[in-house]
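Trainee: Provided below for reference: sequence and predicted model.
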Amino acid sequence: MLRKHPLYFFLLVSILVSAAAPVAIRFSGTSLDVMDAIAQELQNGHAEGVTAYFGESTEVAVLDKGGSYSREQALAVLQNFFAQNKVIAFYLLEKGKNMDGRFCIGTLNCRSGNFRVYYSLRAKNNIFVIETFNIEKQ
């Protein structure tokens, strides 16, 4: 009986679109969508959300610790940072292009102080991934 209802098709499409929306944002081909999505994850202090955009290996520098990390290692580093630094706000100051990809610079305001955040993205297999990610004290 539900299938005969005039709104059945509309409801079904709405449910499918809303379920697919996060995937479309995360894996869209435009770097601007990805850069804004990463900024939102930083605003929320969400280490898992940020590292979801990391490649297999990413250059990460958080305060005095840095190196080439796997996604799992980088997740542990960012989780530790966010556990010690409760995020109040993230302000995206600049988005731009460089020769090989895109970059973002922002300020992360935390209860413990302010931090400069820089991340660069590069397209790999038509998906933009974070290639370098830095957090330093301001």
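Mentor: Perfect, I can see it now. Please read these numbers as outputs of a predicted model, since none were measured by experiment. Residues are numbered from 1 along each chain as shown.

Trainee: show residues contacting whichever strand or helix holds Cys104.
Mentor: For Cys104, the host element (DSSP states H and E) is strand 102-110. Contacts to strand 102-110, defined as C-beta atoms under 8 Å, 6 or more residues apart in numbering, come from residues 31, 35, 38-39, 42, 85-97, 114-122, 128, 135, 138. (Glycine included, C-beta is placed from N, CA and C.)

Trainee: switch the cut-off to 6 Å
Mentor: When contacts are defined by C-beta atoms under 6 Å, 6 or more residues apart in numbering, strand 102-110 is touched by residues 31, 35, 85-96, 114-115, 117-121.

Trainee: now list the buried members of the residues you listed.
Mentor: 31, 35, 85, 87, 90, 92, 115, 117-121 (16 or more other C-beta atoms under 10 Å).

Trainee: do you know how far the spatially most central residue of the chain is from Tyr118?
Mentor: The geometric centre of the chain, computed from its C-alpha atoms, lies nearest to Ile38 (C-alpha atoms, centre = their mean), at 2.3 Å. Distance, Ile38 to Tyr118, by C-beta to C-beta, to the nearest Å: 12 Å.
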